[in-house]
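A.B. asks: Requesting a structural model of the entry that follows:
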Amino acid sequence: MVTVTVNELTRALDLDADALLIFALRGELALSGAKLGCGLEQCGSCVVLVDGRPTYSCTAQIGDVEGKRIETVEGLADAEGCLHPIQAAFLELNAAQCGFCTAGIIMATKALLDANPQPSRDEICIALDGHLCRCGAHPRIIRAVERAAAKLRAREA
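C.D. replies: Residues are numbered from 1 along each chain as shown. Okay, the predicted model is just below:
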């Protein structure tokens, strides 16, 4: 048995401690935002936040995240279903073409903007360097991150 807190809900899962986080999220918790892409920490489609840090759920073992705060893209919208400003910016700028990579990019963006509310374009590119978008939406993604940062700053003002 492993106990995890995902999107502020604590659940006991009947899994071995060496089970991969991606399988717990998708199979046990029905959270399908994070995708299993390469399984080698090369594409970023599986990224979630663990204690606020981007983490590859394709290689993270569930036992290693026990007692830590896990956030997935499903946890960003509020209780009424209103999108988080990052999600809204991605939607507004059509920054998700096929959507396979989007959840991981959004979660990496959240970590970036939580740490740095006004990142430069270079800082955005560095933060998203480990994420592949096979559709080639990178220019729109970068603009969406810039818009999300502006939205979050305006919300704080």
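
A.B. asks: so what's the most centrally placed residue in the chain scoring on pLDDT?
C.D. replies: Centroid-nearest residue in the chain, with Cα atoms, centre = their mean: Met107, separated by 2.3 Å. pLDDT, Met107: 98.

A.B. asks: which residues are contacting the helix or strand where it lies?
C.D. replies: Here Met107, judged by DSSP states H and E, is contained in helix 102-115. Here helix 102-115 makes contact (Cβ atoms under 8 Å, 6 or more residues apart in numbering) with 33-35, 43-49, 52-54, 71-73, 76, 84, 86-87, 90, 95-96, 119, 123-124, 127-128, 130-131, 133, 141, 144-145, 148-149, 152. All C-beta atoms are positioned from the backbone trio N, CA, C, and that covers glycine.

A.B. asks: neighbouring contacts of the helix or strand following that helix?
C.D. replies: Heading C-terminal from helix 102-115, the first helix or strand you meet, by DSSP H and E, is helix 121-127. Applying Cβ under 8 Å, 6+ apart, the external contacts of helix 121-127 come out as Ala108, Thr109, Ala111, Leu112, Asn116, Pro119, Ile142, Val145, Glu146.
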